[in-house]
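1. model this:
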Amino acid sequence: MSPTAPSWDQLHQVHELNRLFLTYLQIRARDDRDCLGLPESARSILHRTSSETLAAIADFPRALFDLKLEDRVPQIRDPLPRRDDAARHALCLTILLCAWTVSRQSTYQARLLLGLEPRAIQRLRAMQLGDLQQLAHAPELVLCAFAGRDWIWHELLTDARPEARRQLALIALQPGLARDWPARRASRL
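-> Numbering: from 1, shown residues only. Below is the predicted model:
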């Protein structure tokens, strides 16, 4: 295997994280709660998506979430006052642990599979394992990837054709997607 090729194990981890993330979002959409930046147009689609379709979507080759690392670890007095906070904390901690491990193993794979920027990777690599527990409480730590790109989420949730999935994956794996790709596009993939 090439040193820059993503390992199957790490790709499988991203698929599992996507599955957890999408399931969490679907529960929130069904309860009419905040969906961590999921475009409004995608919420109703996600609400009625079957578990089989959700599993297929989760096999996307890039994280469907963004990890937003701030420069400081929040100081939380009462870390889990509500049940929903515990579910969010568990999701965030799981994502953080995976990102921490991947960033220590390969900067390239952390960028490709998780969409992490170099500064975030450096921060993760410098952290101790114990720091992750506290960081997982940070507000808006995990948000939907491709914010402001409603069309990506719409295509991801509605178009199951293999050729459309491949094209969407190629677009999503572009390093400058957030900065260089238009928020709207004129035609279908």
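2. wait, what's in contact with residue 103?
-> Each residue near residue 103 by C-beta atoms under 8 Å, 6 or more residues apart in numbering is listed here: 110, 114, 116, 120-121, 124-125. (C-beta placed from N, C-alpha, C; glycine too.)
3. Pick out the most distant pair among those.
-> For the contacts of residue 103, with distances taken as C-beta to C-beta, the pair at the greatest spread is 114 and 125 (13.1 Å).
4. More neighbours: the two, which one.
-> Neighbour count, other C-beta atoms under 10 Å: between residue 114 and residue 125, residue 114 has more, with 25 against 12.
5. Skipping its backbone neighbours, what lies nearest the more buried one in space?
-> residue 63 (4.7 Å; C-beta to C-beta, 6 or more residues apart in numbering).
6. mind listing what that neighbour touches?
-> Applying C-beta under 8 Å, 6+ apart, the residues near residue 63 are 14, 17-18, 21, 113-115, 145.
7. let's see 10 Å
-> For residue 63, the contacting residues are 13-15, 17-18, 21, 95, 98-99, 102, 110, 112-116, 142, 145, 172, by C-beta atoms under 10 Å, 6 or more residues apart in numbering.
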